[in-house]
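Visitor: Predicted model and sequence below, questions to follow.
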Protein chains: 2
Amino acid sequence: MMAGVALEHAILVSLLEQPGSGYELARRFDRSIGRFWTATHQQIYRVLKRMEADGWVTAEEIDQDGRPDKRSYSVATPGRSVLTTWLREPVQPESVRHELAVKIRGAAFDDAAGRAALIAEVERYRADHETTLHRYQTGEQRDFPDPGALDTGQRLRHVVLRGGIAYEQMVLAWLDDVLDTLHGLGR
Amino acid sequence: MMAGVALEHAILVSLLEQPGSGYELARRFDRSIGRFWTATHQQIYRVLKRMEADGWVTAEEIDQDGRPDKRSYSVATPGRSVLTTWLREPVQPESVRHELAVKIRGAAFDDAAGRAALIAEVERYRADHETTLHRYQTGEQRDFPDPGALDTGQRLRHVVLRGGIAYEQMVLAWLDDVLDTLHGLGR
DNA sequence: CTGCGCATGTAAACCGTTACATGATTGG
DNA sequence: CCAATCATGTAACGGTTTACATGCGCAG
């Protein structure tokens, strides 16, 4: 039990870094946190309610003029305990799902037209990852301009971002290898 | 719809590469295919039944002496159509879940003892990935000893394996960066 | 006056994990 | 004789995804 239950922990970390509403969390999951954890707003609202009921977070109603009211959540003491307990548990092996790898192996059972379509798709996919890499690199220059003068939280966020950059660079190099291989099949 | 429905496609590719029983598929998902798609035997049996009911695969009862009978599945024509249709659809962006990255950012909210526990955990995790890399490299030498003389299917399986190797190498380099960063916090 | 961003939800369908269950054969 | 491997399943639970729903304010 408590195996797949990890969105809670990602939310706790995000709220400790900065309190915020469900909507704000959903936007963070689309951006920064979404680099290593994805979640939709429906999931987030549901989990926030449960976490509030369990006393892990507290909500503060905030009236906004010109905008709908919102509920800003902060981590309460029990939530912090839950997080530190979880931090000391073993990391579960990642369960991988690489759709593109399945399609590449599947290309052995498709014809030349199918392989041409796959090449086009790999090129589009590659362009997406190039955009992501540039976004990460821009963010790195903006958020960590002076790597020598960072506090603990910044250093940890920076090393996670470097992981994202290394991942995207690896993916781009591999996709070039894939494209070479797919082109080489025609010859 | 038909978005998360992809275990079917991984099974179709695996059965086209080699027909086999549910049990055999489960073992492949623990090994070769499991590099980019994970599935348990329960999932596989459930999906195979549905695929057989839908006419995507056909089953052949095989009596074995000294072993339980088994049902060997092969891909039928409709299954092959389903696969080629899917192959030409856009690749969905991967939904990422990196528990370790969440824990690293969470370490900013834990004490020195918690960070020491995280370092130990990262080292254990690193050892696992090193084992995986060596397994991939051994498999590469066994299955692709002469990269100049490969057929289409082998070349495609090889480029997917090279992706796995590149991923593991990237992870190991990043984990070294993580360990340096975590050790640097104490100073 | 239309579309976008802010803000929060419900409902249904589906997927994935864990636990439990059965039974045969082979090797140590 | 005990453990491991082969072989196939059921049931329950929980997590994820998709579709649907509401309503305000602002900018073009």
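Guide: On my side now, so go ahead.

Visitor: okay, the angle between the longest helix belonging to chain A and helix B:152-186?
Guide: Longest helix in chain A, counting residues (DSSP state H): helix A:152-186. When axes from the mean of the first three to the mean of the last three Cα atoms, to 10 degrees is applied, the directions of helix A:152-186 and helix B:152-186 differ by 170 degrees.

Visitor: Show me what helix A:152-186 is packed against.
Guide: The contact analysis (3 or more Cβ pairs under 8 Å, 6 or more residues apart in numbering or on different chains; DSSP states H and E) places helix A:152-186 against helix A:112-143, helix B:99-106, helix B:152-186. The C-beta positions use only the backbone N, C-alpha and C, and glycine is treated the same way.

Visitor: Of all the ones you listed, which one is nearest DNA strand C?
Guide: helix B:99-106 (12.4 Å; Cβ to the nearest atom of the strand).

Visitor: Give me the contact list for the closest one.
Guide: With contacts defined as Cβ atoms under 8 Å, 6 or more residues apart in numbering or on different chains, helix B:99-106 is touched by A:6, A:9-10, A:12-13, A:16-17, A:35-37, A:83, A:86-87, A:91-92, A:94, A:153, A:156-157, A:159-160, A:163, B:118, B:121-122, B:125, B:178, B:182.

Visitor: Would you write a ChimeraX line that selects the buried entries of the residues you listed?
Guide: Remark: buried members of those, expressed as a ChimeraX selection using 16 or more other Cβ atoms under 10 Å in any protein chain shown:
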select /A:6,9,10,12,13,16,17,35,36,37,83,86,87,91,156,157,159,160,163 /B:118,121,122,125,178,182
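
Visitor: of the contacts of helix B:99-106, list those near DNA strand D.
Guide: Contacts with DNA strand D within these, as defined by Cβ under 7 Å from any atom of the strand: A:Ala6.

Visitor: hang on, the earlier thing: just say which of the helices and strands packed on helix A:152-186 is most tucked in.
Guide: helix B:99-106 (a mean of 23; mean count of other Cβ atoms under 10 Å in any protein chain shown).

Visitor: Show me how chain A divides into domains.
Guide: Under the assignment automatic domain parsing, the domains of chain A span A:7-87, A:99-186.

Visitor: weakest of those domains in terms of mean pLDDT?
Guide: Least confidently modelled of these is domain A:7-87, at a mean of 90 by mean pLDDT.

Visitor: Span of that domain from start to end?
Guide: End-to-end distance for domain A:7-87, by Cα to Cα, to the nearest Å: 13 Å.
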